[in-house]
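**Q** predicted model, plus sequence, below.
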Amino acid sequence: MCGIAGYWKQHAQATPDLIAGMTRQLAHRGPDDEGYWLWNNDQQRGTSWSGDDTAAGIRAQLTPLATAGNYPHHLAFGHRRYAVIDLSDAGHQPLQRGPHTLIYNGEIYNFREIRAELIAHGSVFTTDTDAEVLLAAMVQWGTGCLPRLRGFFAFALHDAQRNTLLLARDHLGKAPLYVLRRPGALYFASDIKPILAACPEERALIRPTAVVQYVGLGLRDFQQQTFWQNIDSLAAASWLEYDLHTGGYEHGVFWNLPRVRQQPAQLPFPEAVGRFRGLLEQSVQRRLVADLPVGFTLSGGLDSSAIVALFAQQRRTGKAPVFTVRYADPRQDETPYAQKVVAQYADQVEHTILDGFQETLAGHWDAFFELQEEPFHDPVLFTDFMQQKHLKARGVGININGAGGDELLGGYPAYLPPYIRWCWQNGGLQRLPDMTAAGVAILENMPVADLWKAVQKRLPGAATVPWSAFLRAVDTSDLPVYSRHFTGILRQKMGDYLLNYWLRSQHKHYMGIPVEPRMPFLDVDLVEFSFTLPPEYLIHKGWTKYILRKAVEDILPPEIVWRRRKMGFPFDTQAWLQAQEKPIKAMLRNDPNNPWLRTDKLLAEYNILTVKQPQLLWRLLCLSLWYQKMILQQPLQPHG
């Protein structure tokens, strides 16, 4: 897990100061090492240096290799390393082998199997790193190797023989890779800030559709868009190759989610359960490949409990650290459920309970916005960030968690209404028992307070303020069209917006510590299989994630397996907004000229929004603070 940055200019020099400045923005991602490389397109040679990104340090290393002050290079790479596999200096990047130069962020869990195959083809290795295996695989098979990789990755590869630059990203887009394309130029990085450092004129060019999608629908990272007009993510499961002579490029896709689900007659349920269990076990085992200490986050819910239990089944020596966040409100606290899991596997895990961190958010605005880079939908992200800081303080370098299970298996209560619609369309009254059970499950998953709020919204005088009233200009022509079909919703949320958002947001604050996140439910083999399952294997008689429940019911307490109510990591946004009213209003008053947000309207409606629409209020507040911090680049200094 690392940070990469680079750029190419067809008709201008690539300077060492510029790539060093870009890479400096990634220092938090790679505390263990740094390296740089410039390619002289005219003379067909490369120049590298490492360990010092100051102007004097760069020139001291480059002077013997080039005329002082004159670096006629056209391509530049920068790398910051967080050592996870092979902690020795052998993992230094950029990695050069013959005519090929690689910078890489990620982990290839099956690199040893691929390495053995490459050795059989005649490859010779000098390190035990997955980066060297990736480079050799690209040399041997080209982009044909990408579907073979299991893990996550984003990398840039220069081929001096062909004079090409290739960028690629993993199947689900776990490793971020942002790009800015211009005629005759390309900038790329693991974060957005390096690109803004190289192209400061882009900072004020905000994408209007991103603002509208975020405020109106709570969307971010829809498809590949960012909040900056000209900066996008390289699409997951894709590659982009530039011809550095002509400036032309090709784009390819190497993997897609399966589009056809099987019928029960094709895959009997007991067989499906067995295969699902085997793939999940394989996925957990893959994510234990590391030379740093591994820990687990355990909410007490089904997904994280299943991961901890499957780890415990492997009976490794020593106890793995497991962390749970405890909340003061018993209606939000899953600690008792987590303790049931820990009690069952007391000889395999060591449990640490952490208290919630809600009250500390206001004191971390600047640092957290720097990490997130874009507005985020819910301050619950901060809870996870603080939890990972505690893991790091206790020596954990890698966190294995249950993220992705709901997107993969239809686990959110919001999936129940479209499932009822699917039942009606694919069986009618014959599926009435399943539809009725799903309806009951909807009510069971809705807390009394939320049910009362839903009723209140329909009472006289309960009208809410439309989100569009708070924006200076609104264009809804480019808002996404949601699928109304159960399987279509699953594909959209996994491929177009929800998972994109969660993966990028989580990755950013994890790497701000740094701790590497690993998510067994997002193993590509498990994802492929799960997206071929019949819908009735995902939801059955109102039970979401039914196949997972059956797959792990023999290794978890029944109170975990057969619990309907979801909690996750809660954050009482409404209570927090009320408690922080004074400093928040002070910060809003610092943003009267926001070109997108009607700050005066927001201040006038603050108290009403706190009660009736706290999530909308949060998004509007977050948009204002993001604009002040990331666009105007002024510090946020809240009090309270």
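**A** Okay, I see it. Residues are numbered from 1 along each chain as shown.

**Q** what's the pLDDT at residue 54?
**A** On the pLDDT scale, residue 54 is placed at 63.

**Q** can you give me the helices for the stretch 351-500 of the chain?
**A** 365-372, 380-393, 405-409, 416-425, 432-445, 448-456, 486-495, 498-511 (DSSP state H, counting those that start in this stretch).

**Q** for the chain, what's the longest helix?
**A** Longest among the helix segments of the chain by residue count, using DSSP state H, is helix 269-286.

**Q** and the next helix or strand past that helix?
**A** Using DSSP states H and E, the helix or strand that follows helix 269-286 in sequence is strand 294-297.

**Q** list the buried residues of whichever helix or strand comes after that next one.
**A** Downstream of strand 294-297, the next assigned helix or strand under DSSP H and E is helix 302-313. Neighbour-count burial for helix 302-313 flags 302-312 (criterion: 16 or more other Cβ atoms under 10 Å). Backbone N, C-alpha and C define where each C-beta goes, glycine included.

**Q** ditto for stretch 182-202
**A** Under 16+ other Cβ under 10 Å, the buried positions of stretch 182-202 are 185-199, 202.

**Q** and it, end to end?
**A** 12 Å (Cα to Cα, to the nearest Å).

**Q** cool, and stretch 181-191?
**A** Stretch 181-191: ends 15 Å apart by Cα to Cα.

**Q** and stretch 188-201, by the same measure?
**A** 16 Å.

**Q** now, the buried residues of stretch 182-202 that are in strands?
**A** 185-189 (DSSP state E).

**Q** any idea which of the helices of the stretch 351-500 of the chain is most buried?
**A** Most buried of the helices of the stretch 351-500 of the chain by mean neighbour count (mean count of other Cβ atoms under 10 Å) is helix 405-409; its value is a mean of 25.

**Q** quick one, phi/psi of the residue nearest to residue 146 when sequence neighbours are not counted?
**A** In space, residue 146 comes closest to residue 254 once its chain neighbours are excluded; the distance is 4.5 Å by Cβ to Cβ, 6 or more residues apart in numbering. With angles defined as degrees, to the nearest 10, residue 254 sits at phi -110, psi 0.

**Q** residue ranges with poor pLDDT in this structure?
**A** 42-43, 52-72, 356-362, 446-463, 567-570, 637-640 (pLDDT under 70).

**Q** what residue lies at the spatial centre of it?
**A** residue 503 (1.5 Å; Cα atoms, centre = their mean).

**Q** what sits against that residue?
**A** Residues counted as contacts of residue 503 (Cβ atoms under 8 Å, 6 or more residues apart in numbering) are 172-174, 176.

**Q** how far away is it from residue 548?
**A** 20 Å (Cβ to Cβ, to the nearest Å).

**Q** returning to what we had before: tell me, how many residues neighbour the residue nearest to residue 146?
**A** For residue 254, the neighbour count with other Cβ atoms under 10 Å is 18.

**Q** pretty sure it sits against residue 236.
**A** No - assessed by Cβ atoms under 8 Å, residue 254 is found out of contact with residue 236, at 10.1 Å.

**Q** from the ones in strands among the buried residues of stretch 182-202, pick the one nearest residue 349.
**A** residue 189 (37.3 Å; Cβ to Cβ).

**Q** write down the beta-bridge partners of the closest one, one by one.
**A** Taking DSSP bridges as the rule, residue 189 bridges to residue 5, residue 178.

**Q** quick check: it vs residue 22, distance?
**A** On the measure of Cβ to Cβ, residue 189 and residue 22 end up 6 Å apart.

**Q** what is in contact with the two at once?
**A** Common neighbours of residue 189 and residue 22 (Cβ under 8 Å, 6+ apart) are 5-6, 195.

**Q** include distance to residue 274 when you put the residues you listed into TSV, please.
**A** Shown next, in TSV, are the shared contacts of residue 189 and residue 22 (distance: Cβ to Cβ, whole Å):
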residue	distance to residue 274
5	45
6	45
195	47
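
**Q** widest-spaced pair of the contacts of residue 503?
**A** Farthest pair in these, by Cβ to Cβ: 172 and 176, 11.7 Å.

**Q** and residue 343, what element?
**A** Element membership of residue 343 [criterion: DSSP H and E] is helix 335-344.

**Q** and that helix, what other elements does it pack with?
**A** Using 3 or more Cβ pairs under 8 Å, 6 or more residues apart in numbering; DSSP states H and E, the elements in contact with helix 335-344 are helix 302-313, strand 320-326, strand 349-355, helix 558-561.
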